[in-house]
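J.: build me a structure from this.
(2 chains)
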Amino acid sequence: MRVIELFPESMVNYMSLEANLRSVFRTGVTFTGTPLTYRAPGTVSRIYSYVISLLDAGVWRGHVLLLLEDITEKMQLMENTRSVSRHLSNVVEHAHDLIISTDKDGRIISWNPSAELLTGFTEAEIKGHSLSDLFDDTGKEAISDIIRRLSRLEVILDKEFDLCSRSGKIVPIAWSFSPISSGNGSIEALVAIGRDLSERRAFEMQLFHSEKLAALGVMAGGIAHQIRNPLAVCFSCAQFLQAELPGSPNSMQEIVDKMIDSIQRASTIIEALLRFAQTSDTNRLVPTDLVQIVKETVDLIAAQVVLRGIRITQDYPSSCVTTMGNPNLLQQVVMNLVLNAQQAMSDGGDLTLSIRQEDGKAVMCVSDTGHGIAADKIGRIFDPFFTARPSGEGTGLGLAVSYAIIQQHLGSINVVSNEEKGSLFIVKLPLAN
Amino acid sequence: MQNNLSPHDKESILVVDDDADMCWSLERLLRSNSFDVTTADCGRAALEHLKATPFDLIILDARLPDIDGLDLAQQILQKTGVAYPIVLISGYLYPNDRVVQEGLQSGLITDFVSKPFFHDAFLEIVCNKLHPISCLEGIPEA
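T.: Have a look, this model is predicted:
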């Protein structure tokens, strides 16, 4: 019986079964073929062919074995395994957390992209190094201890210690360590998963900062009360003096005028400081003159701004522009926008503040002639923790807080920016009826 | 200092402030404008004075050692049954503060002045409370 009578002709031809048989019969050398995908109606099979020369006590006596192996399931299994492995490696690759595996002695085997990004070391550079190389002396000791404990198959969660990046930056990380045991109970490898705590720390810092501000608010309230009483007495006395002055030399008049002016200035500063430091104890919105708020805030920081070579132009209507608002919160917004403009103009420039009424809205514009915001960053400018400044120089919360405050006031805040001309922030608030 | 804003002689004003110097300066200012001034350094003393004599106007500090100024205003109304004109003065409150607004709206206080203040503006308020029409028109009553 011929081969072609046993198997489908297409299979025989595609696998060159007859030719292979003939060749093995001729040479006595075993042939392992290539896999074939065979499509019969409704099924797809993967088949592997072998033509084996059968030896009898090491001698070939002209017998040949033709073996056709159906490897469909095996291939499917391999494909599944590959896909699971791809999936797992994707999880590791795309994880926001650092995922590091080491051998049982703590030498690094794998290192995911998050770890690369955070530390600045590539996987190739770091492979084979000890995990403890990434930490300072305290961290190194802790790691040695952890490796000892992992070898007893303990799982270690939520250990916080700092990582030293390539640039020398210290990054706070929360770590979990788990052992990977081989089947026989001994430890084969270790996995360290680390979460970057920088943002959380920044948030905690901000919280701490607001708590400090709240404390300052309480203190400023007390100080204001304590200072304004003697200040009021001084002010009264200066006015009593002034009343006694007619007929006195002009120089006396000048002295008393200066006293009165200075006491008034001190009083304005205390008022502005108190209003800025006061944390809002209520969300109640009251009729608030936006012009007064902006003027007061600018007065408070004008000296600091002008010192940096920035010219301030203010353009307000002569009458009040009254919106429903919380004066402290609105002052915070103006303060944030002005400081933001100041930081954008490190080499000086023009800061322009204007207020106008338009379509039943109070419109406040704050523009600078600074370095502007790159087009790819402008969409994130109001995101919490987004900052264009070098890390450590800003909390990245100023504009986010401003955005939240304006939203709370049922208003809107927008920005138009050009990297050559600077930025323009437009705040719109509903007018009080 | 004489001020034409005070048309009546010897109208009586009760000044309640725990700061002795503040009391002194208010007393001097008001006396020199022909008001009769009595001072009290706490809420209890103020109520004692009011029990003995009625006044034409009360000037009240918002924070006293034994009571809050607005609470004292409430007690004065309850205990004397008289709706005195009361000017609240304060070193830590501002005209826009909620407690001040509520005090004014409820009529517990008739005016609010934050410290420090200009004498003229303060006297105008005091006088206005005592003689609203004559002050508005600037014509002293006969």
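J.: C-alpha only now, for contacts and for neighbours.
T.: OK.
J.: how about the residue in chain A that chain B sits nearest to, secondary structure?
T.: Closest residue of chain A to chain B, Cα to the nearest Cα: residue A:232 (3.9 Å). The local conformation at residue A:232, judged by DSSP: H, G, I helix; E, B strand; the rest coil, is helix.
J.: check contacts around it.
T.: Shown in contact with residue A:232 (Cα atoms under 8 Å, 6 or more residues apart in numbering or on different chains): B:22, B:115, B:116, B:117.
J.: also near chain A: which of these, exactly?
T.: Of the residues in these, proximity to chain A by Cα under 8 Å from any Cα of the partner chain holds for B:22, B:115, B:116, B:117.
J.: now, the contacts of residue A:232 that are in strands?
T.: The members of the contacts of residue A:232 all map outside strands under DSSP state E.
J.: turn those into TSV, columns for distance to residue A:427, pLDDT and neighbour count.
T.: Listed next are the contacts of residue A:232 as TSV, based on distance: Cα to Cα, whole Å; pLDDT from 0 to 100; neighbours: other Cα atoms under 10 Å in any protein chain shown:
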residue	distance to residue A:427	pLDDT	neighbour count
B:22	43	93	22
B:115	33	91	24
B:116	34	92	21
B:117	34	94	17
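J.: nearest to residue A:196, of those residues?
T.: residue B:115 (51.2 Å; Cα to Cα).
J.: quick check: that closest one touching residue B:95?
T.: No: with contact defined as Cα atoms under 8 Å, residue B:115 does not reach residue B:95; the gap is 11.0 Å.
J.: get me the contact residues on chain B for chain A.
T.: Taking Cα under 8 Å from any Cα as the measure of proximity, chain B contacts chain A at B:1, B:19, B:21-22, B:25, B:90-92, B:115-119.
J.: and the two most separated of the residues you listed?
T.: B:1 and B:92 (27.9 Å).
J.: so those two - more neighbours on which side?
T.: The neighbour count for residue B:1 versus residue B:92, taken as other Cα atoms under 10 Å in any protein chain shown, is higher for residue B:92 (23 against 15).
J.: and that one, which of the three is it?
T.: Under three-state DSSP, residue B:92 comes out as coil.
J.: state the distance from the residue of chain B found nearest chain A to residue A:269.
T.: At 3.9 Å from chain A, residue B:116 is the closest residue in chain B, using Cα to the nearest Cα. Distance, residue B:116 to residue A:269, by Cα to Cα, to the nearest Å: 13 Å.
J.: what of residue A:9?
T.: 100 Å.
J.: looking at these two, which one has more neighbours?
T.: Neighbour totals were compared for residue A:9 and residue A:269, and residue A:269 leads with 15 against 12 (other Cα under 10 Å).
J.: without its sequence neighbours, what residue ends up closest to that one?
T.: residue A:300 (7.3 Å; Cα to Cα, 6 or more residues apart in numbering or on different chains).
J.: does that neighbour lie in a helix or a strand, and which?
T.: According to DSSP states H and E, residue A:300 maps onto helix A:290-307.
J.: with only the CA atoms kept, save that helix in CSV.
T.: Taking C-alpha atoms only, helix A:290-307 is exported to CSV below (Å, rounded to 0.1, in the frame of the first residue of the first chain):
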residue,chain,number,x,y,z
LEU,A,290,-14.0,92.1,43.4
VAL,A,291,-12.2,95.4,42.7
GLN,A,292,-11.5,95.8,46.5
ILE,A,293,-10.3,92.2,46.8
VAL,A,294,-7.9,92.6,43.8
LYS,A,295,-6.6,96.0,45.0
GLU,A,296,-6.0,94.7,48.5
THR,A,297,-4.2,91.6,47.3
VAL,A,298,-2.0,93.6,44.9
ASP,A,299,-1.1,96.0,47.7
LEU,A,300,0.0,93.1,49.9
ILE,A,301,2.5,91.7,47.4
ALA,A,302,3.2,94.7,45.1
ALA,A,303,6.6,95.4,46.8
GLN,A,304,7.8,91.8,46.4
VAL,A,305,6.7,91.8,42.7
VAL,A,306,8.2,95.1,41.8
LEU,A,307,11.5,94.1,43.4
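J.: summarise which helices and strands it is packed against.
T.: Packing partners of helix A:290-307 (3 or more Cα pairs under 8 Å, 6 or more residues apart in numbering or on different chains; DSSP states H and E): helix A:250-277, helix A:327-344.
J.: Throw these into a markdown table and include mean pLDDT, thanks.
T.: Below are the helices and strands packed on helix A:290-307 laid out as a markdown table (pLDDT from 0 to 100):
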| stretch | mean pLDDT |
| --- | --- |
| helix A:250-277 | 80 |
| helix A:327-344 | 87 |
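J.: tell me the residues of the stretch 151-300 of chain A that contact chain B?
T.: Checking the stretch 151-300 of chain A against chain B by Cα under 8 Å from any Cα, the hits are A:221-222, A:224-233, A:235-237, A:239-240, A:243-244, A:264, A:267.
J.: which among the residues you listed end up buried?
T.: A:221, A:224-225, A:227-233, A:235-237, A:239-240, A:264, A:267 (16 or more other Cα atoms under 10 Å in any protein chain shown).
J.: helices of the chain, start to end?
T.: Since no chain was named, I'll use chain A. A:3-6, A:9-14, A:17-27, A:72-94, A:113-119, A:123-126, A:137-150, A:198-244, A:250-277, A:290-307, A:327-344, A:398-408 (DSSP state H).
J.: wrong chain, I was asking about chain B
T.: Going by DSSP H, chain B shows helices at B:20-31, B:43-52, B:69-80, B:98-106, B:119-130, B:132-137.
J.: closest to residue A:416 out of those helices?
T.: Per Cα to Cα, nearest to residue A:416 of these: helix B:98-106, 36.9 Å.
J.: list the buried residues of that closest one.
T.: The neighbour-count check on helix B:98-106 (16+ other Cα under 10 Å) flags B:100, B:101, B:103, B:104 as buried.
J.: is it possible to export those residues to JSON lines including pLDDT and distance to residue A:321?
T.: Shown next, in JSON lines, are the buried residues of helix B:98-106 (pLDDT from 0 to 100; distance: Cα to Cα, whole Å):
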{"residue": "B:100", "pLDDT": "91", "distance to residue A:321": "22"}
{"residue": "B:101", "pLDDT": "90", "distance to residue A:321": "20"}
{"residue": "B:103", "pLDDT": "93", "distance to residue A:321": "25"}
{"residue": "B:104", "pLDDT": "93", "distance to residue A:321": "23"}
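J.: isn't residue A:431 right up against residue A:320?
T.: No: at 10.8 Å, residue A:431 and residue A:320 do not qualify as touching, with contact defined as Cα under 8 Å.
J.: just want to know which of those two has more residues nearby.
T.: residue A:431 (22 against 12).
J.: who touches stretch B:38-50?
T.: B:12-20, B:23, B:27, B:64-67, B:72, B:76, B:80.
J.: any of these buried? List them.
T.: Here, 16+ other Cα under 10 Å leaves B:12-19, B:23, B:27, B:64, B:72, B:76 buried among these.
J.: for residue B:65, see how far away the spatially most central residue of chain B is.
T.: Note on chain B: the residue nearest the mean C-alpha position is residue B:59, at 2.0 Å, using Cα atoms, centre = their mean. Residue B:59 is 16 Å from residue B:65, where distance means Cα to Cα.
J.: do residue A:312 as well
T.: 45 Å.
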